Each structure stands twice: as C-alpha cells, then as structure tokens.
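1. okay, predicted coordinates and the sequence, questions at the end:
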Amino acid sequence: MSRKVEKSDSEWARELSAEAFSVARNKGTERAFTGKYNDHKADGLYTCICCAEALFDSNAKYDSGSGWPSFYQPANADNIEEESDSSFGMVRTEVLCRSCGAHLGHVFPDGPEPTGQRYCINSASLDFVGRDSKG
C-alpha cells in the first residue's frame with residue numbers, strides 16, 4: 001500500500017459513475033452476470049476504481065459461476081482489508097481496498113486450490129490495466 005486516499009462523498013460522486021459510487025462508496029452490489037469484468041479474459045491487473053491500487057491479477061481469476069468476477073487470491077494481500085459484514089441477515093466477510101476504503105465485494109471459503117478462497121468482486125469497483133499497457 002503506497003498511500004491513503006480520503007475524499008468526501010461529494011468528491012467521490014463527481015469522479016465516479018452512479019453505479020461505481022453506489023457499489024464502491026455505499027457498499028452496493030451489481031446484479032449478477034451484468035458486470036463488465038464477469039466474462040473478461042484479458043491478461044493484466046484489476047485495480048480499484050477509486051484510487052487505482054492494484055487489487056487482483058488476471059492469473060488468479062476463474063469462472064466461479066456466481067455471476068461476479070472471482071479470484072482465488074489478491075494480487076497483494078497488503079492492498080486489501082477484510083471486515084465482518086452482518087447485513088441482510090447473514091454473516092459474510094467484506095473485502096475493501098485498504099488505500100481508500102472502497103467496497104469491493106466479499107470473500108468466501110469455497111474457492112479453488114491453491115487457496116480455497118473465492119474473492120467475489122463487483123466489476124463496478126474495478127478498472128483493468130492490461131499487462132502489455134504502457135504506463
């Protein structure tokens with residue numbers, strides 16, 4: 001983690017699309033199978049929509065069948081944080097960007113080897129940088 005990013009809700013609302021703001025800043029969830037990265041297969045890094053922190057590598061992405069981009073591990077565990085989430089009458093583990101606090105999704109213990117984890121992440125919380133991109 002390189003920096004802590006703090007902005008007001010009005011600043012985030014100006015910078016993000018309505019969907020990205022709803023998901024990343026207000027802990028929303030996009031509808032299953034609608035996100036732009038659900039079936040995305042390019043090689044590269046998935047970054048935070050809010051602060052561009054590197055979050056997940058395409059090498060750890062797999063098709064979980066859940067309708068959301070799924071990864072078996074983060075690109076760098078120091079770039080995310082996990083918190084208990086007891087909303088909607090269930091207990092889950094929420095995944096957040098450590099740099100800016102953006103809500104990314106949830107992690108479940110039903111993923112593939114080698115970790116057994118399924119990071120179920122909203123496309124609206126992500127950007128993508130191809131591995132062959134410059135800059």
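-> Arrived safely, thanks for sending. Quick caveat: nothing in here was measured; it's all calculated off a predicted structure.

2. so where do the strands sit in the chain?
-> Along the chain, the stretches classed as strands by DSSP state E are 44-48, 54-57, 61-62, 70-71, 80-85, 92-97, 103-108, 118-121, 126-130.

3. any chance of those strands in TSV, with mean neighbour count and distance to residue 28 too?
-> Glycine gets a C-beta too; all of them are placed from N, C-alpha and C. Formatted as TSV, these follow (neighbours: other C-beta atoms under 10 Å; distance: least, C-beta to C-beta, whole Å):
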stretch	mean neighbour count	distance to residue 28
strand 44-48	21	15
strand 54-57	22	18
strand 61-62	16	22
strand 70-71	25	18
strand 80-85	14	13
strand 92-97	20	12
strand 103-108	23	8
strand 118-121	24	13
strand 126-130	17	14
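
4. of those, which approaches residue 20 most closely?
-> Residue 20 lies closest to strand 126-130 among those, at 9.1 Å (C-beta to C-beta).

5. who are the packing partners of the closest one?
-> Counting contacts by 3 or more C-beta pairs under 8 Å, 6 or more residues apart in numbering; DSSP states H and E, strand 126-130 is packed against strand 44-48.

6. remind me what the strand it packs on packs against, helices and strands.
-> Using 3+ C-beta pairs under 8 Å, 6+ apart: strand 44-48 touches strand 54-57, strand 126-130.

7. contacting residues around the shortest one?
-> Residues outside strand 54-57 that contact it (C-beta atoms under 8 Å, 6 or more residues apart in numbering) are 44-48, 69, 71, 74-76, 79-80, 97, 104, 119, 121, 126.

8. repeat for the last one
-> Counting by C-beta under 8 Å, 6+ apart, the neighbours of strand 126-130 from elsewhere in the structure are 37, 40, 42-49, 52, 55-56, 69, 104.
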